[in-house]
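**Student:** Just to be clear, the model below is a prediction. Sequence and coordinates:
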Amino acid sequence: MQQVDNLWPEYLGNIEISAPVQILAKQAEYFNGMMQNVLVATVDSHIWESNAVWEGNAAYGGGKEIELAHELKIKMPSLGNYSLTVLRMRHNAIKPYPVYLYNAITGQETKKGIGGEEELVHALRNIFNSGELNQAISTLLAQVKFLAHGERA
């Protein structure tokens, strides 16, 4: 057999990309600092199988697209880690954008994919600043305070 040289480029994997999950995880970190871990935000990730047929699989008879899915949850450690799902985000495993967001508080999903980091930050800001989410967090905090100290909000 003929000697085959390494065909991989030396710069392989050296492209700096902010993955959508990194942005979400950083927001969870900020939340935890603000809440002093009385309420704890977590990001859970898993593989999600889309009902959409991936065009690249057309030559092989089609197939479902595999995506990465991330959920931002707010947990109440003092109440057995009861969790409230705030949002779900999904995107192609090898293409970070477009991202599709589902606001679990309002039940709204983005119809059009979010095309980049700036758009994603804007969409997350809108969800995090919504009155519905503020109400939900205030309710969770009131329950934690009452159960811990018998305080009324």
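**Tutor:** Right, received. Where do you want to start?

**Student:** quick one: least confident helix or strand in the protein?
**Tutor:** The weakest-scoring helix or strand in the chain, judged by mean pLDDT, DSSP states H and E, is strand 40-53 (a mean of 84).

**Student:** helices or strands next to the next helix-or-strand element following that one in the packing?
**Tutor:** With elements assigned by DSSP states H and E, the helix or strand that comes after strand 40-53 is strand 64-76. Helices and strands touching strand 64-76, by 3 or more C-beta pairs under 8 Å, 6 or more residues apart in numbering; DSSP states H and E, are helix 20-35, strand 40-53, strand 82-92, helix 131-149. Where you see a C-beta, it was placed from the backbone N, CA and C, and this is true even at glycine.

**Student:** So which of those is nearest Tyr100?
**Tutor:** Ranking the helices and strands packed on strand 64-76 by proximity to Tyr100 (C-beta to C-beta) places strand 82-92 first, at 5.2 Å.

**Student:** Looking at the helices and strands packed on strand 64-76, which one is packed in the most?
**Tutor:** strand 82-92 (a mean of 19; mean count of other C-beta atoms under 10 Å).

**Student:** If anything else comes up later, I'll come back, but that's it for now.
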